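Asks: Test case, fold it:
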Amino acid sequence: MIPPGTRLRVVGDVHGDSKAFAAAAETDRFVIQLGDLVDDGPDTPGALRIMFRLLEENRGLFILGNHDFKLARALRGDNVRGAPLSRTLAELPLNLRERTRDTIMAAPAWAMLGPKFFVHGSFHPGMLDEPPPAFPPGRANPLLARALYGQTSGRVTGSGKPERLLHWVEDIPCGMTVYAGHDQRSTDGRPYIRTARHGGTAVFLDTGAGKGGHLSWVDIDPD
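Replies: Take a look at the predicted model:
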């Protein structure tokens, strides 16, 4: 899935910022996009076309995010709603809909290369024992939900969104680095790095692209 020994570029949540994603994709590195390619920003169709090209050329991997998951469910006829989703559906040309649905439904919810782990929402140790599940016929099972939505408390914040937790970082094995999106934790515009007590590390790459921030990525060379 990810060519071993290759130079990587790991790209955070794009959210329809096709201009920034085009800049990130102009590389000879293998591009891993951490999900939430769609919604919010100015050009979701353009962002999708860039990802399609990377996949066609075997130069990239698309990790399933919660916004992508919702869009694919809508495109297959599920009853899902939301303002960003409605806008994306209105902007998405008919000739891109089937390909978008199929590409999203084929995307893995997580991937691993040696001590590097790639997921949209958050890590769970069970992901080390199971391959990413197939796109479900209905809602996500618990492990897929963790990958898509992160770890939540069951409470809702003042903004109406689920309260997200970072306890999962302590479950990252020593020596492993998890690259995640979903949570915009940065306070300085750079990816936020959190190290667990036992030596695992999480790198949060969502810095607000398509939502008033900018797109971030990190380059990783082979060990």
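Asks: How about residue 181: what's its closest non-neighbour residue?
Replies: Once its chain neighbours are removed from consideration, residue 181 has its nearest residue in residue 34; the separation is 4.0 Å (CB to CB, 6 or more residues apart in numbering). In this view, the C-beta of every residue, glycine as well, is placed from N, C-alpha and C.
Asks: contacting residues for the one you found?
Replies: Listed by CB atoms under 8 Å, 6 or more residues apart in numbering, the contact set of residue 34 reads 10-13, 63, 65, 118-120, 179-181, 205.
Asks: Give me the next element, helix or strand, following the host helix or strand of residue 178.
Replies: Applying DSSP states H and E as the criterion places residue 178 in strand 177-180. Next along the chain after strand 177-180, taking DSSP H and E as the criterion, comes strand 192-195.
Asks: quick one: contacts of that following strand?
Replies: Strand 192-195 has contacts (CB under 8 Å, 6+ apart) with 166, 169, 185-186, 201-204.
Asks: quick one: strands adjacent to the helix or strand just after it?
Replies: Helices and strands here follow DSSP H and E; after strand 192-195, the next one along the chain is strand 201-204. Partner strands for strand 201-204, per DSSP bridges, with pairing direction: strand 177-180 (parallel), strand 192-195 (antiparallel).
Asks: now the next helix or strand after strand 201-204: mean pLDDT?
Replies: Next helix or strand after strand 201-204 toward the C-terminus (DSSP H and E): strand 217-220. When pLDDT is averaged over strand 217-220, the result is 98.
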